[in-house]
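J.: Build me a model:
(chains A, B, C and D)
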Protein chains: 2
Amino acid sequence: MEELNERYQEVLYYIIEEYIVTANPVGSKFIAGKCSLNLSPASIRNIMASLEEKGYIYQPYFSAGRVPTSSGYKFYINSILKTKKISKQQKAEMRSSFNISGKDIKKILWQAINLLSEISHYMPIVLAPERTYANLLHIEFIKLDKLNILVIMVFEGGFVENKIINADRDYKQIELSKYSIKLNGIINGHNIDELKDIVIEDIDKDRESFFSLLNGIIFNFDLVKNEIDNENDYLFIGSRMNLFDEPEFSNYEKIKSLIKAFEDKRTIIKLLELTKQKEGIHIFIGSDTEWSDINGLSVITASYRSKKGFAGGSIGLIGPSRMNYALAIPTVNYIAKLLCDII
Amino acid sequence: MEELNERYQEVLYYIIEEYIVTANPVGSKFIAGKCSLNLSPASIRNIMASLEEKGYIYQPYFSAGRVPTSSGYKFYINSILKTKKISKQQKAEMRSSFNISGKDIKKILWQAINLLSEISHYMPIVLAPERTYANLLHIEFIKLDKLNILVIMVFEGGFVENKIINADRDYKQIELSKYSIKLNGIINGHNIDELKDIVIEDIDKDRESFFSLLNGIIFNFDLVKNEIDNENDYLFIGSRMNLFDEPEFSNYEKIKSLIKAFEDKRTIIKLLELTKQKEGIHIFIGSDTEWSDINGLSVITASYRSKKGFAGGSIGLIGPSRMNYALAIPTVNYIAKLLCDII
DNA sequence: TATTAGCACTCGCTAATATTGAGTGCTAAT
DNA sequence: ATTAGCACTCAATATTAGCGAGTGCTAATA
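T.: Numbering: from 1, shown residues only, chains lettered A, B, ... in the order given. So this is what the prediction gives:
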């Protein structure tokens, strides 16, 4: 990223700050009034022309004010922006807004969404922790009917996964309970991958009739790993309404493209999965290659991870590119941190 | 509902049929062309004037064509409409589009939504069966940590409910398993209300240390009954996109009011709960008192119920008031019937 | 008496035109 | 190097004109 003269930075700064608030192109006269270096509109215009040449701002049409480009935002975020510190009081408020007694992780994630929504007025998204690397706490087989067995897996962190598998024959509940107990004996805080090895080993030692049942379970392990068969238990999306209130989506065509983009959750899931394994804040702006579907949208993401070491998920905030980064970035960051503590 | 002359009925019929397709006010000339009784536009106009006086149609403005009112639709549905029979082949197709092997009820309900969406191009909604009257199949306690116990309840029909309860002391898993076994011995196809009585009785006989734990569970039963604490596991909503494509929502204001109305799911839940216990098809039109939130929308609902007798839920279809009732009504009806069979 | 042709009238829709004003780039003066 | 001054651009808004689909009424007709 090219270096920018202090004066240039200040002009860019005020353009973006103002554009974030009003969503209207910003003119030279306004900047001249705001700027600490007392310059006339004409001088500002010269600076603006340079900034435009460098690609940080552009004019929607001849003789309109200037609007930040994606690179403009990027420069602003990386070099100019000083994010607001969250006050101790605000932190305490955020923390206390979580009600964690007797709630499973799903509800806690929803609380995070609501909190983010309240504070930011943008659209929060949360990816639930994946189960592959999470340690199993408990496994249980319950007979539903002749050939269907319900497998309940409880993971560290309070995540419960229910799967129905087809059995090869009619198992009795007592028989199933025996296997449950047996398996629970060896589970003992292993994750699925490890457990798979142990179970396969065990089969060799003890070729009982539940050989095939176990096969079914192992197959099922792979299911849990690879297939998210209900997106609704994996990606949580907060209220869209706030986004629709933003002026850039105040016409029919744009609001429709927005709805269409969110209808298929895979784009969002992909984005959140990208950042899940990485530390810290990630920001996708405007027409980034990773987030090119909707022009004019930005996404701030952060990953969370329990201290016990099972894999975490990520949270994010979707807003217009002209979103209030100074507030949004530390908020996303802190809520991710809160989630780490809570889980 | 007032009686209508056959001639009047025919005119009303063609107005509605045409309006359903084009969404434009229908003029006298067009009706004169369609009508089997060969009348001139002028005569049709006379009839239209009468129909307007009776409140079945209205003019959006002087010298526009006529548009059906809510009472118009009501009369049409109750007295004129002949719903299309679904052919055997279509029925077979619908039935075979369900993949029920190894799927829990939630996924089956989602399949119903997708099917309805494909056929109707409106917005399907499904209310999951409530658990109060459903028979319990299995109950299981799993220790999460010192004071948190996960209670898993499996209901007939494949519904699984997970609840975390706070224990009064630190239970060992072995201890909990014993209670699980004990409870499972007496569950045996009772529903929660019945079970509650049995358990309370049992407590008197056998004042063990799990007295207080059971108390916690009983309290929890009430929770399952009264509180739906995650709407997302209760009400399933299909794709909104189809609705937004309808011409009545083709402007910014209307689309926003629509989104806002659906953001809060309680209205829809209330509506579906109203019809859950009743047999057959229910239709809410336009500005019915039960469904007055969004003008121009209609809802068709039907309840489903498993044969084994546990309480069912209901499915519905939200579309514009000018929806294709002839197709939508039998489709909702048949899919509800399919659900009865499958569950 | 029921029906219809004829006609003047209404009013939303579309396109064409005029007006406004915020903001610019350039030039010449400071 | 900075800036006042000025002509110019162009979206947005308001204004006007014309079209045409559809009406209600009246008088003629079967």
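
J.: only C-alpha atoms for contact and neighbour calcs from this point on.
T.: OK.

J.: Only the buried residues of stretch A:24-39, if you could.
T.: A:25-28, A:31-32, A:35 (16 or more other Cα atoms under 10 Å in any protein chain shown).

J.: burial of the spatially closest residue to A:L338 that is not a sequence neighbour, as a residue count?
T.: Leaving aside its sequence neighbours, A:L338 sits nearest to A:R95 (Cα to Cα, 6 or more residues apart in numbering or on different chains; 6.9 Å). Residues lying near A:R95 (other Cα atoms under 10 Å in any protein chain shown) number 18.

J.: again, but for A:S180
T.: Look at A:S180: counted by other Cα under 10 Å, it has 17 neighbours.

J.: again with A:N251
T.: By other Cα under 10 Å, the residues close to A:N251 number 14.

J.: Distance check, the residue of the stretch 151-300 of chain A found nearest DNA strand C against B:E248.
T.: Using Cα to the nearest atom of the strand, A:Y252 is the residue of the stretch 151-300 of chain A that sits closest to DNA strand C, at 15.1 Å. Relative to B:E248, A:Y252 is positioned 12 Å away (Cα to Cα, to the nearest Å).

J.: Surely A:G312 touches A:L109?
T.: No: here A:G312 does not reach A:L109: they are 11.9 Å apart, not a contact under Cα atoms under 8 Å.

J.: which neighbours do those two share?
T.: A:A128 (Cα atoms under 8 Å, 6 or more residues apart in numbering or on different chains).

J.: what about those two, which has more around it?
T.: More neighbours surround A:G312 than the other of A:G312 and A:L109, with 23 against 20 (other Cα under 10 Å).

J.: List the contacts of that one.
T.: Counted by Cα under 8 Å, 6+ apart, A:G312 has contacts A:128-130, A:276-277, A:303-306.

J.: what's the average pLDDT for the biggest strand by length in chain A?
T.: Using DSSP state E to define each element, chain A has its longest strand at strand A:136-145. Averaging pLDDT along strand A:136-145 yields 78.

J.: Pull it out as CSV, backbone CA atoms only.
T.: C-alpha atoms of strand A:136-145 as CSV (Å, rounded to 0.1, in the frame of the first residue of the first chain):
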residue,chain,number,x,y,z
LEU,A,136,-16.9,-36.4,22.6
LEU,A,137,-18.3,-36.5,26.1
HIS,A,138,-21.0,-39.1,25.7
ILE,A,139,-22.6,-41.3,23.2
GLU,A,140,-26.0,-43.0,23.4
PHE,A,141,-28.0,-45.4,21.3
ILE,A,142,-31.7,-45.4,21.5
LYS,A,143,-34.0,-47.7,19.6
LEU,A,144,-36.7,-45.8,17.6
ASP,A,145,-38.2,-48.7,15.8
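
J.: Neighbouring strands - and their directions - for it?
T.: strand A:148-155 (antiparallel) (DSSP bridges).

J.: Not counting sequence-adjacent ones, nearest residue to A:K172?
T.: Nearest non-adjacent residue to A:K172 (Cα to Cα, 6+ apart): A:K143, at 7.3 Å.

J.: Could you count how many residues lie near that neighbour?
T.: A:K143: 23 surrounding residues under other Cα under 10 Å.

J.: Settle this for me: it is touching A:D170, isn't it.
T.: No: A:K143 lies out of contact with A:D170 (Cα under 8 Å); the separation is 9.1 Å.

J.: Not counting sequence-adjacent ones, nearest residue to A:K74?
T.: Spatial nearest neighbour of A:K74, excluding adjacent residues (Cα to Cα, 6+ apart): A:I285 at 7.4 Å.

J.: shouldn't that neighbour be in contact with A:S70?
T.: Yes: proximity of A:I285 to A:S70 meets the contact threshold set by Cα under 8 Å, at 6.2 Å.

J.: higher neighbour count, those two?
T.: Applying other Cα under 10 Å to A:I285 and A:S70 shows that A:I285 carries more neighbours, namely 25 against 22.
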